[in-house]
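**Student:** Kindly return the folded structure for what I paste below:
(2 chains)
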Amino acid sequence: MCLAVPGRIVEATDLGTSRIAKVEFGGITRQVYLDFVPEAQPGDYVLVHVGFAISRVEAEEAARTYEMLRQIEAEMPEDSNEVPG
Amino acid sequence: MKYLDEYRDGDIARALAARIRRRTTRPWVLMEICGGQTHTIMRYGLPDLLPPEIELVHGPGCPVCVAPLEIVDRAIEIAARPGVIFVSYGDMLRVPGSRSDLFQVRAAGGDVRIAYSPMEAVKLARENPERQVVFFAIGFETTAPANAMAVWQAKREGLKNFSILVSHVLVPPAMRLILGSPTNRVQGFIAPGHVCSVMGFEEYAALSAEFHVPMVVGGFEPVDLLEAIAMLVEQLEEGRAELENQYSRSVTRTGSAAAKKLMESVFEVTDRKWRGIGPIPASGYRLREEYAASDAERVFGAGEISVEEPEECIAALVMQGLRKPLDCPAFATSCTPERPMGASMVSSEGACAAYYAYGRHARTG
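**Tutor:** Numbering: from 1, shown residues only, chains lettered A, B, ... in the order given. All right, here's what the predicted structure looks like:
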């Protein structure tokens, strides 16, 4: 129910009472309301739930934390790759 | 897709699982609150990657599951009325009330429609001024801003034929109930990442401090959940109890100010009954008095209905982390996703339904 899917804002339009955007999800484009993420701009990724963006993906934070995950993977001892018994 | 695929990476998942195994020295009971996270955990078989000391129990964070029988009966009663277009998120249609479900209303000629967004229901009201359009507004804090926007927009446009049947619940009061119970087993929580995307994490930091229990705001992909579990295990092994944020690519301390402002202008906090658990004080939303004309319960006066839960169902204990779905004699026998008996079997995000779909082998394994 609380599923939210990341998509990229292709373009945004201000309708006065609402701000809507075309958001692309892996090749599919849908209309999304941007009212809850006024800071989001074209090119940004947003997490979309029931037609509304609920957050803007922090690209730098995502890159930083993903790099930490890659480090954990790189430091993994060889023998710990086995399926636990 | 970006921000999904990289969090399903098997090598990173195995490295995190290895880290959890290295750090774990004794048994810990962890709960993920959100049903979407339960679904991911079972779908990707994450319990099989964890050391036997780590027990995952599954919280009540599935709004479809915890919608009380009374509100489902009320929805069925309203949807069956002539002249009504009843609009719902798809997951609610097969949820049984005490006698019927919305699919049966539709089969009997009721105009029941599925929408992806509440704004589709507003559009239907605009296009069908001679009909009453009722939207079934269920959900946690993630969904509340969208449902609030539908009501706000309909009122702004002066649509007299749009109303919502509200079944909104809030996460922190349910966590407080679990933590405050003398039988509580949960030693660390994965806090719900999308609820926190909207609300921020200050409420969870306060709960963590009050009950001295570690909490990590977690995302929804397998790597997110394993990282959140690793962070909880590190806190527990080190004797810390604080709020940490694994899902920092989406969640900030204060969440979305615009969403919270709109919710607060449309909804107010009220007591709610949770299916399987019972009444929890100040655990949900209802429409404010200014929006009475958009409140389907007032528009249709669908009076008080009170229904009892089946006695043999242990959903309440499952959703508080006290029992597992496989402990229930009705599981996969008299209670299945096709004929659910209780809350946690009615939606694919309920713990019992997730076990049924992905985990039945665990009974013998």
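**Student:** Strands of chain A, start to end?
**Tutor:** A:5-14, A:19-25, A:28-33, A:45-49, A:52-56 (DSSP state E).
**Student:** Write out the residues of chain A neighbouring chain B.
**Tutor:** Residues of chain A lying close to chain B by Cβ under 8 Å from any Cβ of the partner chain are A:1-6, A:8, A:17-18, A:25-26, A:33, A:35-38, A:45, A:47, A:49-52, A:54-55, A:57-58, A:61-62, A:65-66, A:69-70, A:72-73, A:75-77, A:80-81, A:84. To be clear about C-beta, it is placed using only N, CA and C from the backbone, and glycine gets the same treatment.
**Student:** Put the buried members of the residues you listed into a ChimeraX selection.
**Tutor:** Remark: buried members of these, expressed as a ChimeraX selection using 16 or more other Cβ atoms under 10 Å in any protein chain shown:
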select /A:1,2,3,4,5,6,8,33,35,36,37,45,47,49,50,51,52,54,55,57,58,62,65,66,69,73,76
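**Student:** Please narrow the residues of chain A next to chain B to those residing in helices.
**Tutor:** If you go by DSSP state H, the residues of chain A next to chain B have A:E61, A:A62, A:T65, A:Y66, A:L69, A:R70, A:I72, A:E73 in helices.
**Student:** Model confidence for the fourth one, exactly?
**Tutor:** We have a pLDDT of 94 for A:Y66.
**Student:** Please name the nearest non-neighbouring residue to it.
**Tutor:** B:E6 (6.2 Å; Cβ to Cβ, 6 or more residues apart in numbering or on different chains).
**Student:** And the third one, by the same measure?
**Tutor:** When the adjacent residues along the chain are set aside, A:T65 lies closest to B:S248, with 6.0 Å between them (Cβ to Cβ, 6+ apart).
**Student:** ok, residue 74 - how many residues close by?
**Tutor:** With no chain named, the answer covers chain A. 9 (other Cβ atoms under 10 Å in any protein chain shown).
**Student:** look at chain B instead
**Tutor:** For B:R74, the count of nearby residues is 22 (other Cβ under 10 Å).
**Student:** And the pLDDT for B:D91?
**Tutor:** For B:D91, the predicted pLDDT is 85.
**Student:** element containing the residue lying closest to it once chain neighbours are set aside, please.
**Tutor:** Nearest residue to B:D91, sequence neighbours excluded (Cβ to Cβ, 6+ apart): B:V64, at 4.6 Å. Secondary structure assignment for B:V64, by DSSP states H and E: helix B:63-66.
**Student:** what's next to the helix or strand that that helix is followed by, contact-wise?
**Tutor:** Next along the chain after helix B:63-66, taking DSSP H and E as the criterion, comes helix B:69-79. Here helix B:69-79 makes contact (Cβ atoms under 8 Å, 6 or more residues apart in numbering or on different chains) with B:84, B:86, B:88, B:92, B:95-102, B:104-106, B:110-112, B:134, B:136, B:165, B:167, B:273, B:275, B:296-297, B:300, B:302, B:305-307, B:309.
**Student:** Name the strands paired with the very next helix or strand once past helix B:69-79 and say parallel or antiparallel.
**Tutor:** Using DSSP H and E, the helix or strand that follows helix B:69-79 in sequence is strand B:84-88. Looking at strand B:84-88 with DSSP bridges, its partner strands are strand B:111-114 (parallel), strand B:132-139 (parallel).
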